[in-house]
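K.L.:
prediction below, plus the sequence it came from.
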Amino acid sequence: MTEPPHLSATRAAYDTVAADYAKLQRTENPETPLDLAMLDAFAGLVRTADAGQVADLGCGPGRITAHLHSLRLPALGIDLSPAMVATARQTYPGLRFEVGSMARLSLADDSLAGIVAWYSIIHTPPALLPELFAEFQRVLASGGHLLLGFQVGNERLHIAHGYGHSVSLDAYRLPPDDVAEFLSRAGLLVQARMVREPAAREKTQQARLLGHKPAGRTRR
């Protein structure tokens, strides 16, 4: 099967910037108290259900995976970029990281207690988000929880430079209502949403959607 162009472009770009991306993240803490509160709420819901493993999809150099681990969740990081996964394994040798596409996960149906996709859906063309969320729904266990983070807007941005390197990939700012509707169509219901104003070097509002797969619902 031929790989969709946006996946090839995303892998190539993040392989290129992996080392410098990780270095910058080690010196900055981009999450605000509100962001951390949403991550903590997600972790509390998953811990209460006591349902098993959580996947950080599009984990990059592993910072959010490590944060989930600090919140007492059995966290697994998955990323499309082998260079990002290598960096994550080196930085957090006690945690598990795997190379893989969140659009086609090598995970069994109904196998995850939770999914975090923290700024990792932004390189998926909006027309393909329903298909992506259907894959999330497939691997998420009945009663499992989901947390998304992304930039608010309704536009495509082409990125030609990043972290001191020339790259070529697209990123999408997304309307929260549209994302919530796509999740609902996939059988994932939004429980809470938070849209906050830009902080630090951010240029647009930031959205967090907390959802779940209703108990008793299996793969669609």
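P.N.:
That came in fine, so what should we check first?
K.L.:
count the residues that sit near residue 202.
P.N.:
For residue 202, the neighbour count with other C-beta atoms under 10 Å is 13. Glycine gets a C-beta too; all of them are placed from N, C-alpha and C.
K.L.:
ok, now which ones touch the spatially closest residue to residue 74 that is not a sequence neighbour?
P.N.:
Once flanking residues are discounted, residue 74 sits nearest to residue 53: 5.0 Å by C-beta to C-beta, 6 or more residues apart in numbering. Listed by C-beta atoms under 8 Å, 6 or more residues apart in numbering, the contact set of residue 53 reads 74-76, 111-113.
K.L.:
would you agree residue 111 is in contact with residue 138?
P.N.:
No - Residue 111 is beyond contact range of residue 138, at 9.2 Å (criterion: C-beta atoms under 8 Å).
K.L.:
quick check: which element contains the residue nearest the centre of the chain?
P.N.:
For the chain, the residue nearest the mean C-alpha position is residue 117 (1.5 Å; C-alpha atoms, centre = their mean). In the assignment (DSSP states H and E), residue 117 maps to strand 112-118.
K.L.:
in the longest helix seen in the chain, which residues are buried?
P.N.:
Ranked by residue count, the top helix of the chain under DSSP state H comes out as helix 5-27. In terms of neighbour count (16 or more other C-beta atoms under 10 Å), helix 5-27 has its buried residues at 6-7, 9-11, 13-19, 21-22, 25.
K.L.:
output it as CSV - backbone C-alpha positions only.
P.N.:
C-alpha atoms of helix 5-27 as CSV (Å, rounded to 0.1, in the frame of the first residue of the first chain):
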residue,chain,number,x,y,z
PRO,A,5,2.1,11.9,1.1
HIS,A,6,1.4,13.7,4.4
LEU,A,7,2.8,10.8,6.4
SER,A,8,6.0,10.7,4.3
ALA,A,9,6.4,14.5,4.7
THR,A,10,5.8,14.4,8.4
ARG,A,11,8.3,11.6,9.0
ALA,A,12,11.0,13.3,6.9
ALA,A,13,10.6,16.6,8.6
TYR,A,14,10.7,15.2,12.2
ASP,A,15,13.6,12.9,11.4
THR,A,16,15.4,16.1,10.2
VAL,A,17,14.7,18.2,13.3
ALA,A,18,14.6,15.5,16.0
ALA,A,19,17.8,16.4,17.9
ASP,A,20,17.3,20.1,17.9
TYR,A,21,13.6,19.8,18.7
ALA,A,22,14.4,17.6,21.7
LYS,A,23,17.1,20.0,22.8
LEU,A,24,14.7,23.0,22.8
GLN,A,25,12.0,21.1,24.7
ARG,A,26,14.5,20.3,27.4
THR,A,27,15.0,24.0,28.0
